[in-house]
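Asks: Pasting the sequence and the predicted model now:
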Amino acid sequence: MFKKLYLIVIALIFSCTCAMAQSAWYIVNSNPWGDTYTQTAFNNIFGVGSWQQGSYSIDPATLFSPSNTTIFLEGSDLNATALNTFLTANISSVESWVAAGGHLFINAAPSSGSDINAGFDSTIIAYPNYSGQMHAVDPSNAIFNGPYLPIATSYAANYVAHSYISGNGLTALLADDNTNNPLLALKYWGSGVVLFGGLTQPGFWVPQTEAINLWTNILSYLAAGAPGAPCLDPANLTASNITLDGATFHWIGNATTYEYVIDNFATNPTANGNPIATDSLVATGLQHDSTYYFHVRAMCDSANTSAWVTIAFTTAHMIDCAAPTGSATVSFTQVSPYAVLDWSSPSAAQYLWVLDNNASDPAVSGNATTNTTLSFANLTPNITYYFHVRSVCMNGDTSTWTTIPFVTASCPFPTATATVNETAVGPYAAISWTSPTAATYYWVLDYSASDPAGMGNATTSTSITFASLLTGTDYYFHVRCICTNGDTSTWTTIMFHTPGPTPTNVNNVNNEGPTVICSPNPTSDKISITITGTIYDNASITLSGLDGRVYYNMPVTGNSAVIDMSKLPAALYFVKYTNKDYSNIIKVMKQ
């Protein structure tokens, strides 16, 4: 009774495929032996006008669209070459479409040619292998039980088939009476199903009415997705993207619904799991540094489930070790570039470091040190280096890598010397310098040990003399190279002290002529000039530099004047007062 009820249910399922709302295709270049049994069967199953016919010139993207559910690729008679060419060019798309839930029938009873590789784990339609009689392998299978009746379980013809089917994982539905080779076989593939056949047309078979009904039942069975598929265990279960609190799982199966459980036990769950309608899951909310077990099984129907499939995984380790922070200082010796690296981390017991030319994290563990600074000499000029450093904390954890990029200098700085002496008119200094690769130099003379803010004064010479300097004063001479490749070196600074008493801002010679006072001196902005005594006609004030260039020249019309030096570079300048009988000079330092 239960068997009869099962057959009634199957028949009802198939009967519902009549005029079903599916997108079905029949692909054939020419009707095999002029027969139209397939078109008639499609009209009965899907409804007239509710399916489409095409040739092997069809765009594969159109045919294997997710919106299409059932496809019949006919390769019988004169269609074998076109089918073979189409499969060779598109087998990946064909297999993917079936795996996503498609229903496919590949049939070929060629009139010429050779074997056809139908894909799906090297399933072969082996030609030529002519069969005169065939029988049902399992008469209880749905195709022999409706919905189109009457049906026979044995058929004969001149040739009921020109080919047989070979391959892995096949379920034979029709077989040759003599060799028992499969002539019609079934394979479930992912979420879909594919039928393989070497059959001719049912009009050749006897009994003929039963043969035409069987042909229609085969196509109806295909359209319904071949009900009765075994509930396969999920395959190729993987765990990836494992984080502190989650992981991603993926598997392959033929079910539309699955159950999963995540727990701490390697044994199969004893209770129902959580339902899911996809073949992947992103799990979150887990505990770091913990081993879990992900269990999944297929739910083919309410009473038919697969076995549990399990994979173990461990969530990522929580790192409490802070990565270091740091910087690089790059310079050049007279021989080659060097770099000084400094870094720190609040919780590190020691560090691991790597110096290379790769921005990516090192693949090696690195060199151990307890220092927080390292110097590297004899580097290659004008090269990008990457200094990688990470902390090793007291608990043994290591931090992520900190990478400090730096580009080595390519222009060596000069070396300089100063010779200081005194003449009758005041101190002077002779300064010389050398550099192996410089084309041009820039120099600044000022009162500050810090690097100049401006570019400086250009020269191609390697020496310079400064006369009429202030007595008892600390001077700083800064020089740097502009090398032939256009790079600029760091500043070289030397300090020298002029002999004599510390100067004042007042210039007067034995009370002869006016007294000239400049303040403030040194200055970073403006200087105020105060003149006491008689102001003669044609008196003037000039401001000039060490190179003799005159920056200001103004007539004296009163006892005071202001000169704005804010835009001038830091250097030594000369304020000169002149009238018809007298002149004097005050040295002013711009900072």
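Replies: Cool, got the structure.
Asks: going forward, measure contacts and count neighbours with C-alpha atoms only.
Replies: Fine.
Asks: doesn't residue 414 make contact with residue 481?
Replies: Yes: here residue 481 reaches residue 414: they are 6.7 Å apart, a contact under C-alpha atoms under 8 Å.
Asks: Please identify which of those two sits among more neighbours.
Replies: Using other C-alpha atoms under 10 Å as the criterion, residue 481 and residue 414 rank with residue 481 on top: 29 against 25.
Asks: Need the pLDDT of the more buried one.
Replies: As predicted, residue 481 sits at a pLDDT of 85.
Asks: Distance-wise, check it relative to residue 448.
Replies: Per C-alpha to C-alpha, to the nearest Å, residue 481 is found 20 Å from residue 448.
Asks: Determine the residues that are contacts of both of residue 481 and residue 414.
Replies: residue 435 (C-alpha atoms under 8 Å, 6 or more residues apart in numbering).
Asks: Point out where the stretch 301-450 of the chain drops to low pLDDT.
Replies: 301-303, 319, 332-335, 423-425, 437-438 (pLDDT under 70).
Asks: quick one: the strands in it?
Replies: In the stretch 301-450 of the chain, the strands defined using DSSP state E, counting those that start in this stretch lie at 304-305, 309-314, 325-332, 337-344, 348-356, 367-369, 373-376, 384-393, 402-407, 415-423, 426-434, 438-446.
Asks: Where does the record place the domain boundaries for this protein?
Replies: The record's domain parsing of the chain by automatic domain parsing lists 2-223, 235-314, 325-407, 415-497, 506-590.
Asks: what residue is smack in the middle of the chain?
Replies: Central residue of the chain (C-alpha atoms, centre = their mean): residue 360, 12.2 Å from the mean position.
Asks: could you list every residue that touches it?
Replies: Taking C-alpha under 8 Å, 6+ apart, one finds nothing in contact with residue 360.
Asks: could you give the mean pLDDT of stretch 211-221?
Replies: Mean pLDDT, taken over the full extent of stretch 211-221, equals 95.
Asks: can you give me how far it is from the chain middle?
Replies: In terms of C-alpha atoms, centre = their mean, to the nearest Å, the centre of stretch 211-221 is found 52 Å from the chain centre.
Asks: Could you do stretch 386-393 as well?
Replies: When distances are taken as C-alpha atoms, centre = their mean, stretch 386-393 is centred 23 Å away from the chain's centroid.
Asks: Just the CA atoms of it, as PDB, please.
Replies: The C-alpha trace of stretch 386-393 is given here as PDB (Å, rounded to 0.1, in the frame of the first residue of the first chain):
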ATOM      1  CA  TYR A 386      61.900  49.300   5.100                       C
ATOM      2  CA  PHE A 387      62.600  48.800   8.800                       C
ATOM      3  CA  HIS A 388      60.200  46.400  10.400                       C
ATOM      4  CA  VAL A 389      60.000  46.000  14.100                       C
ATOM      5  CA  ARG A 390      57.600  44.300  16.500                       C
ATOM      6  CA  SER A 391      57.300  43.900  20.200                       C
ATOM      7  CA  VAL A 392      57.900  40.700  22.200                       C
ATOM      8  CA  CYS A 393      55.900  41.200  25.400                       C
END
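Asks: buried set for that stretch?
Replies: For stretch 386-393, burial by neighbour count (16 or more other C-alpha atoms under 10 Å) applies to 386-393.
Asks: Find the nearest non-adjacent residue to residue 296, please.
Replies: With C-alpha to C-alpha, 6 or more residues apart in numbering as the criterion, residue 296 has its nearest non-adjacent residue at 4.3 Å, and that residue is residue 260.
Asks: Next, give phi and psi for that neighbour.
Replies: Note on residue 260: its backbone torsions stand at phi -130, psi 150 [degrees, to the nearest 10].
Asks: show me where this structure has helices.
Replies: Here the chain has its helices, by DSSP state H, at 2-15, 37-46, 60-63, 80-99, 208-223.
Asks: what's across from residue 587 in the sheet?
Replies: residue 574 (DSSP bridges).
Asks: returning to that earlier point: how close does the residue nearest to the centre of the chain get to residue 382?
Replies: 20 Å.
Asks: what's the burial count for residue 364?
Replies: Counted with other C-alpha under 10 Å, the neighbours of residue 364 add up to 9.
Asks: list the contacts for it?
Replies: Contact analysis of residue 364 by C-alpha under 8 Å, 6+ apart lists nothing.
Asks: Check the gap between it and residue 515 for me.
Replies: Distance of residue 364 to residue 515, computed by C-alpha to C-alpha: 75 Å.
Asks: next one: residue 50
Replies: In terms of C-alpha to C-alpha, residue 50 sits 115 Å off from residue 515.
Asks: Could you do residue 247 as well?
Replies: Using C-alpha to C-alpha, one gets 88 Å for the distance from residue 247 to residue 515.
Asks: Compare those two (neighbour count), which wins?
Replies: residue 247 (22 against 18).
Asks: gap between the more buried one and residue 292?
Replies: Residue 247 is 10 Å from residue 292, by C-alpha to C-alpha.
Asks: which residues are common contacts for those two?
Replies: By C-alpha under 8 Å, 6+ apart, the residues touching both residue 247 and residue 292 are residue 315.
Asks: so which of the domains of the chain is the most packed in?
Replies: Among those, ranked by average contacts under mean count of other C-alpha atoms under 10 Å, first place goes to domain 2-223 (a mean of 20).
Asks: Now do it: distance to the chain's middle.
Replies: Counting by C-alpha atoms, centre = their mean, domain 2-223 is centred 45 Å from the centre of its parent chain.
Asks: Show me what stretch 248-265 is in contact with.
Replies: Under C-alpha under 8 Å, 6+ apart, the answer for stretch 248-265 is 188-192, 231-242, 269, 272-283, 291-300.
Asks: That stretch: how far from the chain's middle?
Replies: From the chain centre to the centre of stretch 248-265 is a distance of 29 Å (C-alpha atoms, centre = their mean).
Asks: Tell me which stretches of the stretch 101-250 of the chain form strands.
Replies: Under the criterion DSSP E, counting those that start in this stretch, strands of the stretch 101-250 of the chain are mapped to 103-107, 116-117, 124-126, 131-136, 154-161, 164-166, 171-176, 182-189, 192-197, 235-240, 247-252.
Asks: Spell out which strands sit alongside the third one in the sheet and which way each one runs.
Replies: So that's strand 124-126. Its sheet considered, strand 124-126 pairs with strand 116-117 (antiparallel), strand 164-166 (antiparallel) by DSSP bridges.
Asks: So for the shortest one, mean pLDDT?
Replies: Mean pLDDT, strand 116-117: 96.
Asks: beta partners of residue 387?
Replies: Note on residue 387: beta-bridge partners by DSSP bridges are residue 355, residue 404.
Asks: Ok, residue 428 next?
Replies: Bridge pairing for residue 428 - DSSP bridges - gives residue 421.
Asks: thinking again about what came up before, now distance to residue 527 too, for the strands of the stretch 301-450 of the chain, in JSON lines please.
Replies: Shown next, in JSON lines, are the strands of the stretch 301-450 of the chain (distance: least, C-alpha to C-alpha, whole Å):
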{"stretch": "strand 304-305", "distance to residue 527": "97"}
{"stretch": "strand 309-314", "distance to residue 527": "75"}
{"stretch": "strand 325-332", "distance to residue 527": "37"}
{"stretch": "strand 337-344", "distance to residue 527": "42"}
{"stretch": "strand 348-356", "distance to residue 527": "52"}
{"stretch": "strand 367-369", "distance to residue 527": "55"}
{"stretch": "strand 373-376", "distance to residue 527": "45"}
{"stretch": "strand 384-393", "distance to residue 527": "47"}
{"stretch": "strand 402-407", "distance to residue 527": "43"}
{"stretch": "strand 415-423", "distance to residue 527": "27"}
{"stretch": "strand 426-434", "distance to residue 527": "23"}
{"stretch": "strand 438-446", "distance to residue 527": "16"}
